[in-house]
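Visitor: Predicted coordinates and the sequence they were generated for:
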Amino acid sequence: MRALVLAAGQAIRLRPFTEETPKCLLEMGGKPILAHLLDALAGQGIEDALVVTGYLGEQIRTFARELSGQGCLPVTVVENPRYAETNNLTSVWVAREALLGSAFVILYADILFDPDILKGCLEGPGEICLAVSRELYEESKKVQARGTRVLAVSKTVPLAEATGTFLGIARFSKHGGQLLYAEIEDLTRHGATDQYYTAAVERLIAKGVPVHCSVTTGLPWVDIDGPPELRRAQEEILPKIAATHFSR
């Protein structure tokens with residue numbers, strides 16, 4: 001199992017914190033957010049991580065080089081040169097040569113989460129599995145599901161019909177990854193590079209391909225979009241994670 005970490009965004013909502021530092025390298029409890037994510041991946045036996053960069057990408061590349069000299073999880077960096085004009089569908093697309101033929105997990109680089117959430121997603125049902133929280137947020141990518149079967153994953157899912165929030169962690173088997181990339185290729189060919197990669201997942205759902213979810217069951221997590229989430233990550237989420245995992 002390999003990992004794809006999406007870290008190309010400009011994080012405009014977190015300025016001035018991100019004017020000179022990419023969001024995933026902002027410090028959280030004495031180390032970058034990305035380091036927490038890589039630790040979680042290593043703890044689940046992930047082989048290596050491919051990080052897609054864009055904005056201030058050289059800093060992430062330098063960070064990856066420093067990690068490689070410390071015997072940590074192997075990290076490779078690939079660039080999305082069109083990061084300023086595209087969305088994460090393009091970031092997933094530029095990693096296709098490295099990932100096709102493997103099982104993999106995709107993660108947003110700006111999430112801080114209890115490692116057991118990742119474990120649940122990796123062990124979840126089906127060839128495609130999304131990590132989902134029962135918490136609902138108006139502006140987040142919402143999920144509509146029946147049992148573990150995902151019926152929709154989009155920001156446009158009405159709150160009244162939503163059963164949870166997509167965390168930004170998704171696991172694909174080798175075959176599931178091939179199906180995903182076939183849809184991304186078609187979207188890219190038709191110029192839909194401003195889409196989230198979940199648009200490809202929704203196309204699979206529409207075709208009847210089973211997409212499943214694993215539910216976090218209250219485990220702490222946060223998607224760090226702006227200053228309020230950054231404070232919540234520092235003051236609430238990280239202490240909860242530390243209390244659970246550092247005491248084991």
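Guide: The structure has been received and is ready for your questions. Residues are numbered from 1 along each chain as shown.

Visitor: hey, let's count contacts and neighbours off CA atoms from now on
Guide: OK.

Visitor: Any idea how many residues pack against the closest residue in space to L56 that isn't next to it in sequence?
Guide: Nearest residue to L56, sequence neighbours excluded (Cα to Cα, 6 or more residues apart in numbering): P22, at 5.9 Å. Other residues near P22 number 24, with proximity taken as other Cα atoms under 10 Å.

Visitor: Centroid-nearest residue for this protein?
Guide: L107 (2.0 Å; Cα atoms, centre = their mean).

Visitor: so the residue nearest to L56 touches L14, yeah?
Guide: No. Contact criterion Cα atoms under 8 Å: P22 and L14 do not qualify, at 9.8 Å.

Visitor: Would you indicate which residues of the host helix or strand of A182 are buried?
Guide: Taking DSSP states H and E as the criterion, A182 maps to helix 174-189. By 16 or more other Cα atoms under 10 Å, the buried positions in helix 174-189 come out as K174, G176, G177, Q178, L179, L180, Y181, E183, I184, E185, L187, T188.

Visitor: which residues sit in contact with T163?
Guide: Shown in contact with T163 (Cα atoms under 8 Å, 6 or more residues apart in numbering): R134, L136, K142, V143, Q144, A145.

Visitor: go again using 6 Å as the cut-off
Guide: V143, Q144 (Cα atoms under 6 Å, 6 or more residues apart in numbering).

Visitor: which residue ranges form the helices in this protein?
Guide: 33-43, 57-68, 88-93, 96-99, 115-122, 174-189, 198-206, 227-232, 238-245 (DSSP state H).
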